[in-house]
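> Got a predicted structure here, sequence first:
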Amino acid sequence: MTAVDNTPVGAGSAGPDRGTSAAAHRAAPSRRRRPPTALLGVAGLAGLLVLVQVLPSTPLVSARYLPPATEILAALVELLGDGAFWSALGDTLTGWAIGLAIAVSAGIALGVLIGSVPALRAVTASTIEFLRPIPSVALIPLAVLLYGTGLESTLLLVVYAAFWQVLVQVLYGVQDVDPVADETARSYGLGRWARIRHVIWPTSLPYVMTGVRLAAAVALVLAITAELVIGAPGLGNRIAVAQTSGAVDLMYALVVVTGLLGVGINLIARAVERRALSWHQSMRGEVIV
Amino acid sequence: MLDVQGLRKVYDGRQRQVEAVRDLTFTIDDGDLVCLVGPSGCGKTTLLKCMAGLLPPTSGEVRLRGKPITGPPPGMAVVFQEYGRSLFPWMSVRDNVELPLRQKRIARGKRRELVDEALAAVGLADTHNAYPWQLSGGMQQRVAIARAVAYQPDVLLMDEPFAAVDAQTRADLEDLIRQLWQRLGVTILFVTHDIDEAVYLGQRVLILSSSPTVVQESLRIDLPDTRDQLHTRAEPRFTQLRGHVYEQIQAAKRGQRPPAQAGRP
Amino acid sequence: MRAAGVLKRAGLVVALPAVLLAVWWFSSAGSTSFYAPPLSKILGTFAETWTVERLRADVLPSLLRLAAGYAVAVLVGVALGVLVGSIRTVRATLEPVLEFFRAIPPPVLVPIIMLFAGIENTMKIVVIAAGCVWPILLNTVEGVRATDEVLSDTARSYGLTGPARLRHLVLPAASPQIAAGMRQALSIGIILMVISEMFAASNGLGFTIVQFQRTFAIPQMWTGILLLGLLGFALSVLFRFVEMRALAWYHGLRQAQRSS
């Protein structure tokens, strides 16, 4: 028994009174009916389709500029049966993949090298800061002159843009290495190469993955750009052709394909990132990209 | 002043419902310093959030000066445990303390006065222009307390405010709270898991049972009004009280509920 | 002592660029290649190509269009982002749609928008805005969504609601994320500025460079490329400068967190 207490805790706190006091008050609304996120997302996409279907028939938008969704989808289906489309898709992906591979290898190699040698980092900092923001589109005229409309034009643009994404992230990663871990490794007699393998590389891996993901997205953008502007073979080129020849629904269908391609690449990149880093999540530094 | 009646909170999870708080009923009078203690996971923070109007209870009612609380009421200030996350990092210390006063539409001159007084009262008279992240943990919590004090609330709710600072800082802050309480006469509800702290600070200690929570016991602390870390904690009465609280909490953890209180006034 | 330190820092900054420039200079000195004229020639042509008049007639319009498109993207992106980010159901509904639009390579927007907006200034501004808005919008949504819960509770308990809450809590809390989006948007904006002019324009930096290329005015073309590079660099420096000032609190906070 609460012998020490001589202050009322409150009348009717327990026992038979509870029923009446509870009934007199409002109950909070149940939150269980909230629709699941995935369903809402699908609803959003469906809404977009409906919008694109309906808008062209209103006076707001002319069907010449925005064909209704059904026509775009029809053109899309037609594309899928068209051999030329698949070869264009292949061209785009080829340019993207080769360019990405070159950029990633060069970016990682140079990034680890520069990042682990403080002297190199200091000397190259200004050059990197200057070259990095140079828009790759500046190279377009050069690419045209040197390589015309060949694959190399695309590669020039893709590699240049994607390389910096990887390099910058790798540099962040190498810098993020815990100095205590590095010192410990050094005190155990691990040479530079061994330290790179066992300390620096694992720490930078999350950053490398981020860099690859960003580079993959940028690489697609530049590949399409090169095809669109220069006329290298690929989806971008077909878009330009569709536009000049007035095949508007075809153009939109191709745009949808590039969008889906971008989404697909992003999803794959994130999946790869998650797999490779499944045991790294806790070590992730916070870099807002 | 603050009246809690039959407070109940049920959380709706995906698979099941969790009754965090079953029935909490107690009253806090004007000018009281009441401490709330209980075993871990007994819903102390849930209770505090319901009382602050941040969380709607499933049933039951909280009244401030007789008016039921349906949302955060003016006249109530909260000090959270995570000081680092409750201060706005993009504002200086002074701006942090001043912000709630601007919301209250207090005139600029009066605001300055209140801010200066509050910061001086917590011992931070010369950190006006610093940013919160430039200060130590204890100092940041003082800023949060100053902000609450400057607001001139009817009731000050504190949710384990000193759990995340080191022991010496905690002792200083505990004394600061008692000082502020005695000087300003503000009503304080102090939630803590630290039994010693609860007995040292409070006029009254409400012991909570384990989840689903009810009030296990309401204990009056009859220690002298002037307390200090060294002597009060060495008094035999202190040891007795804290021993009793400790026993009650152990009983609560074992699942022993308070005996039926039918027939009590 | 300090002079030595400053000299050393300055030396590090110019060392590699100086070496690279020297290598370029000397290796191209005797060049007879049509496409790769000597660096000396390129630099010599720079001043005569980019006179004040030409800068005003070509570079200025480009920059103005970029500024206008970028500004529109920021306003629309932040406004919509706050709206979408604050309401959970809206965000869940729109997120896939927005991610899809973001995934569309921005240059592809040029032929589409050309259909609607013709080939004048409006088209270019709309293109730039349409490309820049996505990273800003999506980053704002993310920033708003991730507002710290304790901070939000604190704000609520002190009666911070409505516009005051937006001004003092939501926007500042999301600002680092928004700034990251704005940085990405800047690169996209520059790309679109150039491309939209390469497609259809009568003035502008991109237009001029393409003209040089088509008329085989090679040294001039190179100067254009250099100028574009300098512009990209200058805008990046400007952005960083403004961001450092506006988000000084954020950088201070992260510094404090890192060292603890």
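The structure has been received and is ready for your questions. These numbers come from a predicted model, not from an experiment. Residues are numbered from 1 along each chain as shown, chains lettered A, B, ... in the order given.

> list the contacts for the residue nearest to the spatial centre of chain C?
The centroid of chain C falls nearest to C:L186 when counting by CA atoms, centre = their mean (1.6 Å). C:L186 makes contact with C:Y70, C:C132, C:L235, C:S236, C:F239, according to CB atoms under 8 Å, 6 or more residues apart in numbering or on different chains. The C-beta positions use only the backbone N, C-alpha and C, and glycine is treated the same way.

> Identify the residues contacting residue 126.
Assuming you mean chain A. Per CB under 8 Å, 6+ apart, neighbours of A:S126: C:L12, C:V13, C:V14, C:L16, C:P17.

> actually it's chain C I care about, not the one you picked
Counting by CB under 8 Å, 6+ apart, C:V126 makes contact with C:G69, C:I113, C:F116, C:A117.

> Then the third one would be within a strand, right?
To tie it back to what came earlier, the one meant is C:F116. No. Using DSSP: H, G, I helix; E, B strand; the rest coil, the secondary structure at C:F116 is helix, not a strand.

> picking up where we left off before, okay, the contacts of A:S126 in TSV with neighbour count and pLDDT next?
Shown next, in TSV, are those (neighbours: other CB atoms under 10 Å in any protein chain shown; pLDDT from 0 to 100):
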residue	neighbour count	pLDDT
C:L12	16	80
C:V13	17	80
C:V14	12	82
C:L16	18	84
C:P17	15	83
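
> which one of those sits closest to A:A226?
C:P17 (27.7 Å; CB to CB).

> Let me know whether the helix or strand containing A:L145 sits next to chain C.
Using DSSP states H and E, A:L145 maps to helix A:140-147. Yes. Residues of helix A:140-147 are located near chain C by CB under 8 Å from any CB of the partner chain, namely A:I140, A:P141, A:L142, A:V144, A:L145, A:L146.

> Would you mind identifying the next helix or strand past the worst-scoring helix or strand of chain A on mean pLDDT?
Scoring the helices and strands of chain A by mean pLDDT, DSSP states H and E places helix A:18-23 at the bottom, with a mean of 36. Sequence order places helix A:37-54 as the next helix or strand after helix A:18-23, per DSSP H and E.

> elements contacting that following helix?
helix A:69-80, helix C:88-103 (3 or more CB pairs under 8 Å, 6 or more residues apart in numbering or on different chains; DSSP states H and E).

> Report the buried residues of that helix.
When neighbours are counted by 16 or more other CB atoms under 10 Å in any protein chain shown, the buried residues of helix A:37-54 are found to be A:L40, A:G41, A:A43, A:G44, A:L48, A:V52, A:Q53.

> so can I have JSON lines of those showing pLDDT?
Listed next are these as JSON lines, based on pLDDT from 0 to 100:
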{"residue": "A:L40", "pLDDT": "87"}
{"residue": "A:G41", "pLDDT": "86"}
{"residue": "A:A43", "pLDDT": "89"}
{"residue": "A:G44", "pLDDT": "88"}
{"residue": "A:L48", "pLDDT": "90"}
{"residue": "A:V52", "pLDDT": "87"}
{"residue": "A:Q53", "pLDDT": "86"}
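
> In CSV, list the contacts of C:L186 along with secondary structure, pLDDT and neighbour count.
As requested, those are arranged in CSV below (DSSP: H, G, I helix; E, B strand; the rest coil; pLDDT from 0 to 100; neighbours: other CB atoms under 10 Å in any protein chain shown):
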residue, secondary structure, pLDDT, neighbour count
C:Y70, helix, 97, 26
C:C132, helix, 95, 30
C:L235, helix, 93, 19
C:S236, helix, 91, 19
C:F239, helix, 95, 16
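
> which among the residues you listed gets closest to chain B?
Using CB to the nearest CB, C:F239 is the member of the contacts of C:L186 that sits closest to chain B, with 19.4 Å.

> The closest one reaches C:A185, doesn't it?
No. Counting by CB atoms under 8 Å, C:F239 sits too far from C:A185 to count as a contact (10.1 Å).

> and A:A247, how many residues sit next to it?
Neighbours of A:A247 under the rule other CB atoms under 10 Å in any protein chain shown: 15.

> For chain A, which residue gets nearest to chain C?
For chain A, CB to the nearest CB, closest residue to chain C: A:G262, 3.0 Å.

> nope, the stretch 101-250 of chain B is what I meant
For the stretch 101-250 of chain B, CB to the nearest CB, closest residue to chain C: B:W133, 4.3 Å.

> which ones are touching that residue?
B:G84, B:P89, C:G252, C:L253, C:A256, C:Q257.

> which of those sit farthest apart?
Greatest spacing in these, by CB to CB: B:G84 and C:G252 (13.5 Å).

> the more surrounded of the two?
Comparing B:G84 with C:G252 by other CB under 10 Å, the one with more neighbours is B:G84, at 22 against 15.

> my guess is that one contacts B:G137, does it?
Yes. In this structure, B:G84 is within contact of B:G137 by CB under 8 Å, at 7.5 Å.

> Show me where the stretch 101-250 of chain A has its strands.
Counting by DSSP state E, counting those that start in this stretch, one finds no strands in the stretch 101-250 of chain A.

> Close to chain C: what parts of it are there?
The stretch 101-250 of chain A comes close to chain C at residues A:122-127, A:129-142, A:144-146, A:217, A:220-221, A:224-225, A:228-229, A:236, A:239-240, A:242-243, A:248, as judged by CB under 8 Å from any CB.

> Residues contacting stretch A:143-153, please?
By CB under 8 Å, 6+ apart, the residues outside stretch A:143-153 that reach it are A:91, A:94-95, A:98, A:156-157, A:226, A:230-233, C:35, C:213, C:218, C:221.

> Most neighbours out of these, which is it?
A:A226 (35 neighbours).

> number of nearby residues for the nearest residue to it once chain neighbours are set aside?
Distances taken as CB to CB, 6 or more residues apart in numbering or on different chains place A:T154 nearest to A:A226, at 4.1 Å, with adjacent residues excluded. Look at A:T154: counted by other CB under 10 Å, it has 31 neighbours.

> which ones are touching A:T154?
Counting by CB under 8 Å, 6+ apart, A:T154 touches A:G95, A:G99, A:L222, A:A223, A:A226, A:E227, A:I230, A:A232, A:G234.

> what does the stretch 1-150 of chain B put close to chain C?
Within reach of chain C by CB under 8 Å from any CB, the stretch 1-150 of chain B has these residues: B:49, B:52-54, B:71-72, B:74, B:76-78, B:80, B:82, B:85-86, B:88-91, B:99-100, B:103-104, B:131, B:133-134.

> can you tell me the helix or strand for the nearest residue to B:G202 once chain neighbours are set aside?
Closest residue to B:G202 apart from its sequence neighbours, by CB to CB, 6+ apart: B:C35 at 3.5 Å. Secondary structure assignment for B:C35, by DSSP H and E: strand B:33-37.

> can you confirm A:Y65 is in a strand?
No. A:Y65: not assigned to a strand; according to three-state DSSP it is coil.

> So A:A247 versus A:V229, what's the distance?
For A:A247, the distance to A:V229 equals 19 Å [CB to CB, to the nearest Å].

> and the helices and strands packed on helix A:37-54, which is most packed in?
helix C:88-103 (a mean of 18; mean count of other CB atoms under 10 Å in any protein chain shown).
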